[in-house]
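*Asks:* Everything below, folded, please.
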Amino acid sequence: MRINIQTAVESVEKGLSQQIKLKNRELADWQGRRQEAEIKEEQLVREITEMEMAIAVLRRSLGLDAAPPSTDQLETIRFRNQTVAQSCIEIMQVNDGRSRVADITKILIAAGKLRGRSAYSTVVKTMDRDGRFRKSGRGVFELVRPSDSSA
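*Replies:* Just a heads-up that it's a prediction; the model follows:
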């Protein structure tokens, strides 16, 4: 009886291992597609911005009113290729080393770095676990200066 159970377990393991390999290949394929889509999106945003700038230059050269094109998307796209902690540091440096978690979360969601309801908690957990950040108030973190970290 023991041999039959062992054979059955080995058979199930073999079948599941094959399914795991297939799922890993499928996952790798989807991750590659997502990466390609993100690269294409960045390229298209840059091209659109360049075209909008060209229109603004043309309108100004003809003496017509021309509003400057928005470059907000270009500013935030760079966060996609960084860790959450790196993105938080950059955002906080612009804000004198201190920011509200809600503001950081909004920026990272707009950049496409985070999604869904867990975005806020992801930012909080990242900063709680990283020694480069210190909680300075309710929903507020600040960057720890190198001289502060030894204290």
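
*Asks:* Could you chop this protein up by domain?
*Replies:* 1-70, 72-149 (automatic domain parsing).

*Asks:* ranking the ones you listed by burial, who's on top?
*Replies:* For the domains of the chain, the largest average neighbour count (mean count of other Cβ atoms under 10 Å) is found in domain 72-149, namely a mean of 15. C-beta: built from backbone N, CA, C; applies to glycine.

*Asks:* Rounded mean pLDDT for that domain, please.
*Replies:* Summarised as a single mean, pLDDT over domain 72-149 is 87.

*Asks:* Dump stretch 128-138 to CSV, restricted to CA.
*Replies:* Taking Å, rounded to 0.1, in the frame of the first residue of the first chain, the C-alpha atoms of stretch 128-138 are listed here in CSV:
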residue,chain,number,x,y,z
ASP,A,128,8.2,52.1,7.8
ARG,A,129,10.7,49.4,6.9
ASP,A,130,13.3,51.6,5.3
GLY,A,131,15.8,53.4,7.6
ARG,A,132,16.0,56.4,5.2
PHE,A,133,12.5,57.5,6.3
ARG,A,134,11.1,58.6,9.6
LYS,A,135,7.4,59.1,10.6
SER,A,136,7.0,62.7,11.6
GLY,A,137,3.2,62.9,12.0
ARG,A,138,0.0,61.3,11.2
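
*Asks:* show me the contacts for Leu108.
*Replies:* Leu108 sits next to 79, 84, 87, 114, 119, 123 when contact means Cβ atoms under 8 Å, 6 or more residues apart in numbering.
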